[in-house]
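Colleague: Pasted the sequence and its predicted model underneath.
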Amino acid sequence: MGPLYTSKDTALETTPPVQETTSQEPATTQPIDHNVDIDPAPLTDTDKSLSLEGYGAKGALADKNLTINDMLMYAVQDEYLAHGEYLAIVDKFGSQKPYTNIISAEETHLAYLKEVYLAYGLDFPADESAGHIVVPANLLEAAETGVQAEIDNIAMYELFLTYDLPENVFEVFSALKSGSDRHLRAFQKQVDRLK
């Protein structure tokens, strides 16, 4: 195993500390919750193969033959999708919490995934989420959409974590699931407030 570093190290400065809040909570800096080995054992050819069955969390949950590369791609797609949907909600309804905070967190989630791609020498995927974004009609629907998106995202990471994963991938998926747990609570509070 090669050297480990956290996002605070200078080896890769793509991941700032996460600031996640809801309208009822003060801003807090989340601790760095993952380590990435910058020189991991290489992925096998099987682990590097890509055969997607759909897009994002819904695609991952329907896919019965997941490789490590499939999981990474589905994770990136779902994080891009959440980022794009929450940006579209802010564009339509103005700057609203928790969307503004969670947009920043989604950027951090993508940076975590980029660390893993870089560690394995894989090209980081481009954002192709635009064709999958649906903008809700009102703020209640937006909050409900956020709840469902985070439920699907959490289920995806829970599924991935049942596999025998390299430590880098396990650490990042665990950190991303924890972030989505926080996002789900924030969106559920928003739904409760708007009903």
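Modeller: Thanks, I have it.
Colleague: next helix or strand past the one helix or strand in the chain whose mean pLDDT sits lowest?
Modeller: Least confident helix or strand, the chain: strand 28-29 with a mean of 34, by mean pLDDT, DSSP states H and E. Remark: after strand 28-29, the chain's next helix or strand is strand 36-37, criterion DSSP states H and E.
Colleague: immediately after that next one, which helix or strand?
Modeller: Of the helices and strands lying after strand 36-37 in sequence (DSSP H and E), the nearest is helix 45-48.
Colleague: Can you show me the CA trace of whatever helix or strand comes next after that next one as CSV?
Modeller: Sequence-wise, the next helix or strand downstream of helix 45-48 (DSSP H and E) is helix 56-62. Coordinates of each C-alpha in helix 56-62 appear next as CSV, following Å, rounded to 0.1, in the frame of the first residue of the first chain:
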residue,chain,number,x,y,z
GLY,A,56,-26.9,7.5,-11.5
ALA,A,57,-28.4,5.8,-8.4
LYS,A,58,-31.4,4.4,-10.2
GLY,A,59,-29.1,2.7,-12.8
ALA,A,60,-26.8,1.4,-10.0
LEU,A,61,-29.7,-0.1,-8.1
ALA,A,62,-31.0,-1.9,-11.2
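Colleague: who touches helix 56-62?
Modeller: Helix 56-62 is contacted by residues 52-54, 66, 70-71, 74-75, 77-78, 81, 129, 132, 149, 152-153, 155-156, 159-160 when judged by CB atoms under 8 Å, 6 or more residues apart in numbering. Using the backbone N, CA and C atoms, a C-beta is placed for each residue, glycine as well.
Colleague: Give the other helices and strands that the helix or strand following it contacts.
Modeller: Counting by DSSP H and E, the next helix or strand C-terminal to helix 56-62 is helix 68-93. Applying 3 or more CB pairs under 8 Å, 6 or more residues apart in numbering; DSSP states H and E, one finds that helix 68-93 makes contact with helix 45-48, helix 56-62, helix 99-119, helix 139-160, helix 167-194.
Colleague: any idea of the mean pLDDT in helix 68-93?
Modeller: On average, the pLDDT along helix 68-93 is 96.
Colleague: Pull up the gap between the most centrally placed residue in the chain and Tyr163, please.
Modeller: Nearest to the mean C-alpha position of the chain, by CA atoms, centre = their mean, lies Glu79 at 4.0 Å. The gap separating Glu79 from Tyr163 is 19 Å, by CB to CB, to the nearest Å.
Colleague: Let me know whether Tyr86 touches Asn101 as I believe.
Modeller: No. In this structure Tyr86 lies outside contact range of Asn101 using CB atoms under 8 Å: 9.5 Å.
Colleague: Please say which of these two ends up with more neighbours.
Modeller: More crowded of Tyr86 and Asn101, by other CB atoms under 10 Å: Tyr86, with 26 against 22.
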